[in-house]
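**Q** Need coordinates for the below:
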Amino acid sequence: MPVDSAAIANELGVQVLVTTLKEITLGGLLMQPGSDPKIVVNGRDGYLRQRLTCALELGHYLRRSAETNKYARVDLRDEPESPGEELQGVYAREFAACLLMPKKDIRILAQLEMDDLEMALQFLVPREAMQLRLKDLGMSAPDLEVA
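**A** Purely as a prediction, here's the structure:
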């Protein structure tokens, strides 16, 4: 722990670029024939959010690269996904959660009686992401709040 999603992307031949984007933009993915795929994350965001965005875009890349070598997407804050993109989004979010916050490691930290904030710090993810992951695993965050 923690997993470096940018290093994994680089190992797969995907460039990870941190650049200043509009405040509403989290990041994006660009795949074009004859060019290395690129994940772009917003440099305005904090490091923890950038790690999460990179993992999310990596999930989109893995799902889409099996189907095509030409694809582009932009993830916006608080924007609902189009009906055709919902399934892709579910896959990418689940991928990012499993990559950055593995279930077996969460269970170990829970046995050590760490709360959601302590776990978020261990995994280097935003606290809200940690709380969602705990909820998805059936481990409500308030039950774990010890500190």
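**Q** contacts, neighbours, all on C-alpha from now
**A** OK.
**Q** show me where pLDDT drops low in this protein?
**A** Residues of the chain meeting the criterion pLDDT under 70: 81-85, 87, 140-147.
**Q** so who does residue 38 touch?
**A** Taking C-alpha atoms under 8 Å, 6 or more residues apart in numbering as the contact definition, residue 38 lies against 14, 15, 16, 17, 29, 30, 31.
**Q** Okay, the spatially closest residue to the first one that is not a sequence neighbour and residue 48: tell me how far apart.
**A** So that's residue 14. Counting by C-alpha to C-alpha, 6 or more residues apart in numbering, the nearest residue to residue 14 once its immediate chain neighbours are dropped is residue 37, at 5.0 Å. As for residue 37, its distance to residue 48 is 22 Å (criterion: C-alpha to C-alpha, to the nearest Å).
**Q** and the two? which has more neighbours close in?
**A** Between residue 37 and residue 48, counted using other C-alpha atoms under 10 Å, the more crowded position is residue 37 (24 against 16).
**Q** give the contact list for the more buried one.
**A** Neighbour list for residue 37: 13, 14, 15, 29, 30, 31 [criterion: C-alpha under 8 Å, 6+ apart].
**Q** Nice, that's everything, thank you.
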